[in-house]
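K.L.:
What follows is a predicted protein model with its sequence.
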Amino acid sequence: MTTTIQTQGYWSRVLLKLARDPLSMICLAILVLILLGAIFAPWLAPGDPSVGSVLKRLKPVGTEGHLLGTDELGRDMLTRLLYGGRTTLLMGTVPVGLALLIGGSLGMLAGFSGGRINALIMRITDVLFAFPSVLLAVAIAGALGAGLANTLLALTIVLVPPILRVAESATTQVRSLDFIEAARASGADDFTILRVHVLSNVIGPVLVYATSLLSVSIIMAAGLSFIGLGAKPPIPEWGLMLNTLRNAIYSQPLLAALPGMLIFAVSLCFNLLADGLRSAMEVK
Amino acid sequence: MLSYFLKRLAFALPIALAVSALCFSLVYLAPGDPLSAVLPSDASQEMIEKVKVSYGLDKPIAVQYAIWLSRALQGDLGQSISTGRAVASEIGAAIGNSLVLALLASSIGFTLGAALGVIGGYTHGSKLDRLLSAIAISGVSIPHYWLGIVLVAIFSVKLNMLPAMGAGSSDLWNWDRFSYMILPAITLAAIPTGIVMRSVRALVADTLNREFVNGLVAKGMGRRTVFRHLVKNIAPTALAVIGVQLGYLMAGSILVETVFSWPGTGLLLNNAIQQRDIPLLQGTILVLAMFFVLLNLLVDMLQPLFDPRISRS
């Protein structure tokens, strides 16, 4: 990764370039649409996510009164998909945000202090890296037991090490540059240097990297609910819905595939947007 | 070369120890006291006392870890709560199935990913390249547990071509048993295919721009010879990528094996979660994590044999 000293107006040029990339804008539009659907679910949803009817189980997509059909307990699918977006998006994005705060600060601390503190932090990170991410998430969430808070915790622990590494290497590169010396010579203390000079140069690569983790995080969050960790019934959550509708693939394959389609759409859009952002940041 | 091996080994040993300590601590992470985590709820007083003594639960935690580690090294990973059988033998019965599936999936991922990645790299920037990149990014973005369900809906339910779940009844390796592996292997191959495609494409495009390729072309070498040099340059990295992916596949199989009820370590983990069987969870996690540590070590050690540039740097 190359560290370019970012002049003022850099970010506005990056955003302008991103705004001119049609694919990124389509992805952003889809994500905003799904997010708005999740936020305004109580007003948009035609029904109640937890009320079903035994008489109306597994109705196909396009049934009158149930635009996207009904699930295995006769609950309206559109309603549950809208509400489910709240849980899935929350469980997928909050760990990235928390990991960004924790991993970003620890990484900057490690990179800036060097020496023993660096060695200590980075060796602990190495241990967490020795686990494949899914396995670590399953281990922690599996031992703690199902539940939203446990899943958030497990995913945050999984996401901290990769962000920490990126922040540490970016900080190490910036630390030795001339303008840090200049700031120090003009009387700035460590905290000011970190807050003003290091942060402004480290935040770019770390943010882009965190964006690319959103896709992984969403897939893992829904995946944990799919195997019975994470959200518990009757909470609407896309991964959990995918699991409870599994037996319906014989009678209503399209209906059973709906929650997964949304997970795929969100994950794909996050990935494409992260790619777009990365190439937009190559502007000089 | 030797010093490189020793350095890498010296790095792996403390990591392996720390990984085992983390697995050990899972029992303490579970709600309730460790004794209730490793015993069934209807355990007799006699059994409780026996476990307490043999696990050293009345001793300090460092001693407990030492006892646990020395038992684990001798192949004793405790007893499964749900089946009452030794965790080690449960894992022994399952790990072969997972390994076969992961090997098949990484072969598919490597072949397909390398082929499409080379095409993308050669046609860098073209329409075809963009289409291939779209496929690659879909491969890494797709929730593979959903892909598995979709494949079952198409090939098992609609077309009735392949079995939807299980592993067949025969222990022999014949077509019948193989047919059970096809869908889970394709599902599992999606991510490595995308990852190999993306890295091979970048490597090929980058290598083709290098001066030595221009030199070879200027010397009058044919396309085929240039391609051979290209393969020599990118093969070590591509092999390392797929080598590490094998470890991710073993670990990530928990979702895919659950979808297809494939009797491997992933299904074992799933059972452990459903039954709150902490010893089974702990043992399986330990074995899979150690597999990953060893695999990384192996990849790092093999790489300089293929690519002398690495040990020199």
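P.N.:
Here it is on my side, so go on.

K.L.:
and the stretch 151-284 of chain A, which of its residues are near chain B?
P.N.:
A:215, A:219, A:222-223, A:226-229, A:239, A:242, A:246, A:249-250, A:253, A:256-257, A:259-261, A:263-264, A:267-268, A:270-272, A:275 (Cβ under 8 Å from any Cβ of the partner chain). Any C-beta I mention is one placed from the backbone N, CA and C, and that applies to glycine too.

K.L.:
Quick check, pLDDT for residue 15.
P.N.:
Since no chain was named, I'll use chain A. pLDDT, residue A:15: 88.

K.L.:
sorry, should have said chain B
P.N.:
91.

K.L.:
now the one 5 residues further on
P.N.:
Residue B:20 carries a pLDDT score of 93 in this model.

K.L.:
Setting the sequence-adjacent residues aside, check what's closest to the closest residue to chain A within the stretch 1-150 of chain B.
P.N.:
The minimum distance from the stretch 1-150 of chain B to chain A, using Cβ to the nearest Cβ, falls at residue B:146 (3.0 Å). Sequence neighbours aside, residue A:260 is the residue nearest to residue B:146 in space, at 3.0 Å (criterion: Cβ to Cβ, 6 or more residues apart in numbering or on different chains).

K.L.:
rewinding a little: so among the residues of the stretch 151-284 of chain A next to chain B, which ones count as buried?
P.N.:
When burial is judged by neighbour count using 16 or more other Cβ atoms under 10 Å in any protein chain shown, the buried members of these are A:215, A:219, A:222-223, A:226-229, A:239, A:242, A:246, A:249, A:253, A:256-257, A:259-261, A:263-264, A:267-268, A:270-272, A:275.

K.L.:
Please, where are all the strands along chain A?
P.N.:
With strands called from DSSP state E, chain A shows none.

K.L.:
where along it do the helices fall?
P.N.:
Assigned by DSSP state H, the helices in chain A fall at A:10-19, A:22-39, A:41-44, A:77-113, A:115-129, A:133-144, A:148-175, A:178-185, A:190-192, A:199-226, A:238-244, A:253-280.

K.L.:
would you turn those into TSV with distance to residue B:14?
P.N.:
Listed next are those as TSV, based on distance: least, Cβ to Cβ, whole Å:
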stretch	distance to residue B:14
helix A:10-19	41
helix A:22-39	42
helix A:41-44	49
helix A:77-113	18
helix A:115-129	8
helix A:133-144	18
helix A:148-175	16
helix A:178-185	33
helix A:190-192	31
helix A:199-226	27
helix A:238-244	36
helix A:253-280	34
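
K.L.:
now for the ones you listed, which one comes closest to residue B:32?
P.N.:
helix A:133-144 (11.1 Å; Cβ to Cβ).

K.L.:
Now do the closest one and helix A:115-129, the angle between them.
P.N.:
Between helix A:133-144 and helix A:115-129, the angle comes out at 80 degrees (axes from the mean of the first three to the mean of the last three Cα atoms, to 10 degrees).

K.L.:
what about helix A:133-144 and chain B, any contact?
P.N.:
Yes - among the residues of helix A:133-144, A:134-135, A:138-140, A:142-144 lie within reach of chain B under Cβ under 8 Å from any Cβ.

K.L.:
Would you mind listing the two of those residues that lie farthest apart?
P.N.:
Longest span within the residues of helix A:133-144 next to chain B, Cβ to Cβ: A:134 and A:144, 15.9 Å.
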